[in-house]
Every structure is written in structure tokens, then in C-alpha cells.
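*Asks:* Starting from these lines, generate the structure:
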Amino acid sequence: MDFSGLSEHSLEACRARETLDRVAEKWTVMVIALLGDRTKRFGELKRECVGISQRMLTVTLRGLERDGLVVRTVYPEIPPRVEYTLTKLGRTMLEALEPIIVWTESHGDEIDAARAAYDHRTSPEE
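*Replies:* Numbering: from 1, shown residues only. So this is what the prediction gives:
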């Protein structure tokens, strides 16, 4: 891709930044990946996103819904049932993220080793 024609303030650059900001949020990739398997209820996502707070999951899902990546369906039942599903657009985002997820899984041990070596080199001696 040739980005030489893009100015710093161009619409395309801003949209790319917005998309990268969304993907860079702590829980976004995990939620998208989990919804890639199938439609899930809030409680299922909460259990599978170990360490996420209820509030952060709500914020993440709302952001994904606002961007058109996730659809929220409320069923008029008692108690109410709410499900989340990737949209067609959300599936294309998952397809774009899959190579990064695979790369991370393939190189996780190398990343851990590099971090440990760096931390060892830069830690103050006792």
C-alpha cells in the first residue's frame, strides 16, 4: 500500500487511527474472537473474558455495537435474554485480526523471552 499521498489530517488516516484505537483497546480482540465462535450471552462472555469487569465488558460491547461490529439482540422474555453476535462487518474484522492472533500465538515464547531479557538488563542491581 502506498500511504505517501495521505496527509496527517486526511479522512483516511483519521479513520485508520480510529479503527486501530478500537482494536487496541484491552478487551476488543478477545471479545471479537469469542464471538467468532458463535452468538453468546453477556454472562458467557463475562466468564470467558477472565479478569474483565462487568462495566468494562459493557463498555467494550457498546463500542463494538456502535461501530457496527456487534449486534445486540434483546428477547422479550422473563428474565430478559440478551445475545451478542458478530455482524458481517465484525466477521471481516475477525478475518483481519486472525493473522495477528496466529502470529502472537506462534511467537509468544519469543516475546516472553525478549521481555525477560530486557527486564533483566534494565533492572537496577541489588
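*Asks:* Now do the buried residues in the worst-scoring helix or strand of the chain on mean pLDDT.
*Replies:* Here the helix or strand of the chain ranked lowest by mean pLDDT, DSSP states H and E is helix 11-24, holding a mean of 74. For helix 11-24, the neighbour count (16 or more other CB atoms under 10 Å) marks R22 as buried. Every C-beta, even on glycine, is put in place using the N, C-alpha and C of the backbone.
*Asks:* what's whatever helix or strand comes next after that helix in contact with?
*Replies:* Once the chain leaves helix 11-24, the next helix or strand it forms, by DSSP states H and E, is helix 28-37. Helix 28-37 is contacted from outside by 22-23, 40, 45, 48-49, 57, 60-61, 63-64, 69-70, 84-86, 90-91, 93-94, 97, 100-101, using CB atoms under 8 Å, 6 or more residues apart in numbering.
*Asks:* can we see that at 6 Å?
*Replies:* R22, E48, C49, T60, L86, L94, L97 (CB atoms under 6 Å, 6 or more residues apart in numbering).
*Asks:* Next one: the first one from D119, what distance?
*Replies:* By that I understand R22. Distance from R22 to D119, counting by CB to CB, to the nearest Å: 30 Å.
*Asks:* Neighbours of E44, how many?
*Replies:* By other CB atoms under 10 Å, the residues close to E44 number 15.
*Asks:* same check, this time on the one 5 residues further on
*Replies:* A total of 17 residues lie near C49 under the criterion other CB under 10 Å.
*Asks:* Against V59, how distant is I32?
*Replies:* Between I32 and V59 the computed distance is 15 Å (CB to CB).
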